[in-house]
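In: Have a look at this prediction, sequence included:
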Amino acid sequence: MNRQDRNIVRLYARYAQLAFVLPTSTFVGWALGTWLDRYFGTHFLYLVLLLLGVAGGIIHLIRELNKDVR
């Protein structure tokens, strides 16, 4: 592979990674919150951690996309 092909592959890998950030962070927040709800006997932690996971995923996504603007 020449240099230009490697750069294209790197860009594809970077953007493919971004496609998994938001769903993964959302799932991890929900799963951890569900586990903590069962452990503590509560019924609201899954929602709090779900929202934190979504917010974290969006923040990461925005930071990565801002690197391209510069």
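Out: Here it is on my side, so go on.
In: if I read this right, residue 58 contacts residue 18, doesn't it?
Out: No - using C-beta atoms under 8 Å, residue 58 is not in contact with residue 18; the gap is 11.3 Å. Using the backbone N, CA and C atoms, a C-beta is placed for each residue, glycine as well.
In: number of nearby residues for residue 56?
Out: For residue 56, the neighbour count with other C-beta atoms under 10 Å is 16.
In: same deal with residue 34?
Out: Burial of residue 34 is recorded as 15 neighbouring residues (other C-beta under 10 Å).
In: What backbone torsions are found at it?
Out: phi -60, psi -40 (degrees, to the nearest 10).
In: can you give me the helices for this structure?
Out: In the chain, the segments counted as helices under DSSP state H are 3-40, 45-69.
In: Reformat these as TSV; add mean pLDDT.
Out: TSV is the format used below for the helices of the chain (pLDDT from 0 to 100):
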stretch	mean pLDDT
helix 3-40	92
helix 45-69	93
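In: gap between residue 17 and residue 24?
Out: 10 Å (C-beta to C-beta, to the nearest Å).
In: Distance check, the residue most central in space within the chain against residue 49.
Out: With distances taken as C-alpha atoms, centre = their mean, residue 21 lies nearest the centre of the chain, 2.6 Å away. Residue 21 is 16 Å from residue 49, where distance means C-beta to C-beta.
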